[in-house]
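Peer 1: Give me a model of this one.
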Amino acid sequence: MASREEKEKHHHDLVPLAALINRELKNEKLEKPTVRYGSAVQSKKGEDYCLMKTDCQRVSGNPSTSFSVFGIFDGHNGSAAAIFSRDHLLNYVMSAIPNGLGRDEWLHALPRALVAGFVKTDKEFQSKGKTSGTTATFVIIDGWTVTVASVGDSRCILDAQGGGGVSVLTVDHRLEENAEERERVKASGGEVGRLSLFGGTEIGPLRCWPGGLCLSRSIGDMDVGEFIVPIPYVKQVKLSSTGGRLIIASDGVWDALSSEVAAKSCRGVPAELAARLVVKEALRARGLKDDTTCVVVDIIPPYNRVQPSPPPKKYDKFKALLFGKNGTRSANKLAKKLAAVGIVEELFEEGSAMLAERLGNDESCNQTRSIFVCAVCQIDLAVSEGISVHAGSIFSMSTKPWQGPFLCADCRDKKDAMEGKRPSGVRVV
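Peer 2: You can find the predicted model right below:
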């Protein structure tokens, strides 16, 4: 028989069940989901382009800091803006995030960096003197956190697992459908109206003039007024541990299918097949009238622990007789609690087109420093060169014009043009 000392030693080696469960939950929170994706394209004009990268790292050489990036760029008036955005937008966003941040700080800095990255992409592309433009729907996935930035009318939806339903993570910047954007364009010096034929007959969707673009936000389009801004709507959400599916697609899909129909058309199949099914359904509904592109991204719990939801059970009269209505109500309450596991937590949402509002305050800036950095293009500035993004802004009453973030002269000029404070249009570079 074991001695009393041995029994006591064995007893002290035991870990309480509650502690084990708590430890497992903590470990599960550290585990990242698996990301699987697929894409499908049916081209008519050849102006849609995709970005799909699952090997990005917040800290170079450290696999534990990995994140994934997906994007759709639907070009118009040529493909140059779409190709440039696909190739450069990610680098411009990353350059706007300070070095040495932990993951939570990095995610917190991401919405502001996305704004800076979009504006820099637009500025750099316009400097090339090309007149094409593009929508951009740009998705960054880090663990269970999904951050989406978008301009134009490409869309990203989330089909959450565990009863979360379908959520739209973008806003369409179509003048026809967005009254707030129509008012902003007009207040910034643009005109909004339909194409007018001889005799005064108006046809087609609402457009902004000069240029005739149907969108109020895009990257590029230097032949249109700068009231067509590249400042994105940004939304950041955290999924539950049941995961979810993202469907990112150009307007060739969304002009044919609602968000709910697109999600329903591809449930229960892998991402690669799902993307093909969405495009197929869009073509069946409307035909190939535009480039039709879809990227499907599945965010899957580690080890695929979560099983598909079983079909609803039929009402059992015998159980109802045994347990009564109260038992049925209890079962319903339990079902609701279980479904709550699939709730998506909203972390951030902002869609203002005012750069001062989107870049916020930078209280860490000190005017005694010898060097500042432009918040958009990231070039170093001498103290005498930096211009606060809040200087002269009627939208920043709570800020001080000597506070950062700061802009270089070129970015300040662009900000003024986007807000209608100086004439805009084609400029000779």
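Peer 1: I'd like to know how many residues surround residue 295.
Peer 2: Under the neighbour criterion other Cβ atoms under 10 Å, residue 295 is assigned a count of 27. (Each C-beta comes from the backbone N, C-alpha and C, glycine too.)
Peer 1: for residue 89, same thing?
Peer 2: Residue crowding around residue 89 was assessed by other Cβ under 10 Å; the count is 25.
Peer 1: hang on, isn't it packed against residue 138?
Peer 2: Yes - between residue 89 and residue 138 there is a contact at 6.3 Å, judged by Cβ atoms under 8 Å.
Peer 1: just checking, residue 241 touches residue 299?
Peer 2: No - with contact defined as Cβ under 8 Å, residue 241 does not reach residue 299; the gap is 10.3 Å.
Peer 1: who touches both of those two?
Peer 2: The contact sets of residue 241 and residue 299 overlap at residue 144 (Cβ atoms under 8 Å, 6 or more residues apart in numbering).
Peer 1: Of those two, give the one with the bigger neighbour count.
Peer 2: residue 299 (24 against 18).
Peer 1: Now do the contacts for the more buried one.
Peer 2: Taking Cβ under 8 Å, 6+ apart as the test, what residue 299 contacts is 33, 34, 35, 141, 144, 146, 239, 243, 244, 245, 246.
Peer 1: same check, this time on residue 288
Peer 2: Counting by Cβ under 8 Å, 6+ apart, residue 288 has contacts 42, 44, 252.
Peer 1: Can you tell me the SS state at the second one?
Peer 2: The three-state assignment at residue 44 reads coil, by DSSP: H, G, I helix; E, B strand; the rest coil.
Peer 1: Can you verify my assumption that residue 245 contacts residue 295?
Peer 2: No - Residue 245 lies out of contact with residue 295 (Cβ under 8 Å); the separation is 11.1 Å.
Peer 1: Under the pLDDT cut-off, which ranges of the chain? List them.
Peer 2: Applying pLDDT under 70 to the chain flags the ranges 1-30, 162-163, 304-342, 362-371, 392-402, 422-429.
Peer 1: what residue lies at the spatial centre of it?
Peer 2: residue 148 (0.7 Å; Cα atoms, centre = their mean).
Peer 1: which residues in the stretch 201-350 of the chain form strands?
Peer 2: 202-209, 219-220, 233-238, 244-249, 292-300, 345-350 (DSSP state E, counting those that start in this stretch).
Peer 1: mind listing what the longest one pairs with, with the direction of each?
Peer 2: Right, strand 292-300. Paired with strand 292-300 in the same sheet, following DSSP bridges, are strand 34-42 (antiparallel), strand 244-249 (antiparallel).
Peer 1: residues touching residue 372, list them.
Peer 2: Counted by Cβ under 8 Å, 6+ apart, residue 372 has contacts 365, 380, 381, 382, 383, 385, 386, 404, 406.
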